[in-house]
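[1] structural data only, the sequence is not supplied:
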């Protein structure tokens, strides 16, 4: 059977897996969706196993190394549980919840990557228009699924505002609610599941504007509106690190576009970029006006560096907060996060093998040292995760993610390459100061690594221009 004959058998799994992923991303942070999440993971993994079975040969290439590294991560976690655990009961509970869900979704992620990567057709190949069209459908399904959390937020925002004005009482599921409501979605959830969408839109804008001789203004408008929608979520929820990482990602996009059009000498396009950048800057300025803590950032960090003499950071407000050099009380966010990051680094140096818990290792280590403290997390995903799984575990994740990006970069002509390099990079970026070493966030992060790694496996099979080269890498 020829490759394209085999590919026709995979078209249905490709579209089904894309829809399942879109639904999963839509509800991943929505409360009271546990049964639906598990159902989507189960169905996606069953179909993913079918795709893997039909493409098992791609697992015997160097492009599959990131997948094996994640496999070694599971081995390390089990070894740690059996021989290095400092809290066996809690670590076992996590193993049966967080790590079980990650393993549960692994075939789904690998199958989706292989299936979508296999749809890649070179732009120079005119014979397979139907496959290229299906690839486009799958792209929009994934993009809309990743945009859905922002859309749901605005729907709830408008419904809540309308209900407040009219005095109508609506079910909690349709409202934008805050603690103690069980329908509350924490700011962390919006950062983790909206920043990748912004990165996806920026990547597509960069590709379209720099590569296409004829611009598709509808697509450009959709991606620009998506960027502003995500930033509006962060502005309305007053999410400082969401705004910060949005600024970083959009700045990279603007620099790329400005360099490109300076080389072309296109003044008209540069003015258009400047206009959009001005609108973007307006949102940032409004955010800065709402948060004067940015103006005392360095002064607060200076206080936080005095860990021994100024130890208010141990008690999360129970014993008040110190003043900074301006005579004003420190910004709680600035002070606590800066202090906790320093303490977390010390803990990692002391315990390079890790405490064993993905969630709240910081809390239990702190309790050992200072029984009166009431700390929970360091508020850095990378530091919390390293405290949990140790330096060996975090190195496996970093190398797997880095190789996934490197492998996918080999297929720059694919519509999947640039966008999902940006997506995975954006997750790595937001984990610097976002407490995502918990709940579904680690599930989704590992899923994205496996998905990105598997895209290159499918692309390897479907890219005739470099297939001959990569075959030399077969193990």
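    Structure received. Small disclaimer: the values here were computed from a predicted structure and weren't measured. Residues are numbered from 1 along each chain as shown.
[2] per-domain residue ranges of this structure.
    Per automatic domain parsing, the structural domains of the chain span 3-296+379-471, 297-369.
[3] turn those into CSV, columns for mean pLDDT and mean neighbour count.
    C-beta coordinates here come from the backbone N, C-alpha and C atoms, glycine included. Shown next, in CSV, are those (pLDDT from 0 to 100; neighbours: other C-beta atoms under 10 Å):
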stretch, mean pLDDT, mean neighbour count
domain 3-296+379-471, 88, 18
domain 297-369, 93, 18
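[4] could you identify the helix or strand that succeeds the longest helix anywhere in the chain?
    Across the chain, the longest stretch assigned as helix under DSSP state H is helix 129-166. Counting by DSSP states H and E, the next helix or strand C-terminal to helix 129-166 is helix 187-211.
[5] tell me the helices and strands packed up against the very next helix or strand once past that next one.
    The helix or strand immediately downstream of helix 187-211 is helix 217-236, counting by DSSP H and E. Applying 3 or more C-beta pairs under 8 Å, 6 or more residues apart in numbering; DSSP states H and E, one finds that helix 217-236 contacts helix 129-166, helix 187-211, helix 240-264, helix 267-290.
[6] what inclination does the longest one have with respect to helix 217-236?
    With axes from the mean of the first three to the mean of the last three C-alpha atoms, to 10 degrees defining the directions, helix 129-166 sits at 40 degrees from helix 217-236.
[7] which elements pack onto helix 129-166?
    Contact partners of helix 129-166 among helices and strands, from 3+ C-beta pairs under 8 Å, 6+ apart: helix 11-27, helix 98-117, helix 187-211, helix 217-236.
[8] mind putting those helices in CSV, distance to residue 423 included?
    Output for the helices and strands packed on helix 129-166, formatted as CSV (distance: least, C-beta to C-beta, whole Å):
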stretch, distance to residue 423
helix 11-27, 11
helix 98-117, 12
helix 187-211, 5
helix 217-236, 13
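[9] tell me which of these lies nearest to residue 410.
    Judged by C-beta to C-beta, the one of those that comes nearest to residue 410 is helix 98-117, at 11.6 Å.
[10] what is the orientation angle of that closest one with helix 129-166?
    Using the same axes, to 10 degrees: helix 98-117 against helix 129-166 is 130 degrees.
[11] what angle do helix 11-27 and helix 98-117 make with each other?
    Orientation check (the same axes, to 10 degrees): helix 98-117 against helix 11-27 gives 130 degrees.
[12] how distant is helix 98-117 from the center of its chain?
    Centroid separation for helix 98-117 versus its chain: 15 Å, with C-alpha atoms, centre = their mean, to the nearest Å.
[13] elements contacting it?
    Against helix 98-117 (3+ C-beta pairs under 8 Å, 6+ apart) you get helix 11-27, helix 34-54, helix 65-79, helix 129-166, helix 439-462.
[14] how about 7 Å then?
    helix 11-27, helix 34-54, helix 65-79, helix 439-462 (3 or more C-beta pairs under 7 Å, 6 or more residues apart in numbering; DSSP states H and E).
[15] wait, residue 40 touches residue 24, no?
    Yes: with contact defined as C-beta atoms under 7 Å, residue 40 reaches residue 24; the gap is 4.7 Å.
[16] quick revisit: quick one, the longest helix of the chain and helix 187-211 angle?
    Using the same axes, to 10 degrees, the inter-axis angle of helix 129-166 relative to helix 187-211 is 140 degrees.
[17] so which strand or helix has the residue nearest the centre of the chain?
    Nearest to the mean C-alpha position of the chain, by C-alpha atoms, centre = their mean, lies residue 427 at 3.5 Å. Using DSSP H and E, residue 427 sits in helix 417-430.
[18] that helix packs against which elements?
    Applying 3+ C-beta pairs under 7 Å, 6+ apart, we find helix 417-430 packed against helix 187-211, helix 240-264, helix 381-409, helix 439-462.
[19] got those as JSON lines, with distance to residue 307 columns?
    As requested, these are arranged in JSON lines below (distance: least, C-beta to C-beta, whole Å):
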{"stretch": "helix 187-211", "distance to residue 307": "25"}
{"stretch": "helix 240-264", "distance to residue 307": "22"}
{"stretch": "helix 381-409", "distance to residue 307": "15"}
{"stretch": "helix 439-462", "distance to residue 307": "28"}
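[20] to residue 335, which of the ones you listed lies closest?
    Each of the helices and strands packed on helix 417-430 has some distance to residue 335 by C-beta to C-beta; the shortest is helix 240-264, at 13.7 Å.
[21] what packs against the closest one?
    If you count contacts as 3+ C-beta pairs under 7 Å, 6+ apart, helix 240-264 packs onto helix 187-211, helix 217-236, helix 267-290, helix 417-430.
[22] run the chain-centre distance for the first one.
    In this case it means helix 187-211. Put simply, helix 187-211 sits 10 Å off its chain's centre (C-alpha atoms, centre = their mean).
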